[in-house]
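Visitor: no sequence for this one, just the structure:
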């Protein structure tokens, strides 16, 4: 009997100007992109936002996913110190809440902008 394959978080997700590229091995790249990208920008972002050649302003961090919950810490882009992120990932939807400086920000809904074919998360 074979074990069911666990889905892995992978792809580029965006909410406003915040963009994350997740790799299935637990690496994430964090960058700000102006103007705010949408799915039409996904292929272009995929060409330059790569682990092999990180650009200035791109933070490489490790993330963990368990039972559809994701968590990771990334440096702030404006010198505000580390930002703790946690939330849910399911069916190509990523909802994250950020905490920094002792304050929690409202949930942010990230949409998959690359690859075009949606990858499903745990529990789908």
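Guide: Perfect, I can see it now. Quick caveat, the model's predicted, so the values are computed rather than measured.
Visitor: low-confidence ranges in the chain?
Guide: Counting by pLDDT under 70, the chain shows low-confidence ranges at 1-7, 117-124.
Visitor: name the element the most centrally placed residue in it belongs to?
Guide: With distances taken as Cα atoms, centre = their mean, residue 20 lies nearest the centre of the chain, 3.6 Å away. For residue 20, the host element (DSSP states H and E) is strand 18-22.
Visitor: who does the next helix or strand after that strand pair up with?
Guide: As assigned by DSSP H and E, the chain's next helix or strand after strand 18-22 is strand 27-32. Using DSSP bridges, strand 27-32 pairs in its sheet with strand 18-22 (antiparallel), strand 59-66 (antiparallel).
Visitor: which of these sits most buried?
Guide: Highest mean neighbour count among these (mean count of other Cβ atoms under 10 Å): strand 18-22, with a mean of 23. The way it works is simple: take the backbone N, C-alpha and C, and place the C-beta from them, glycine included.
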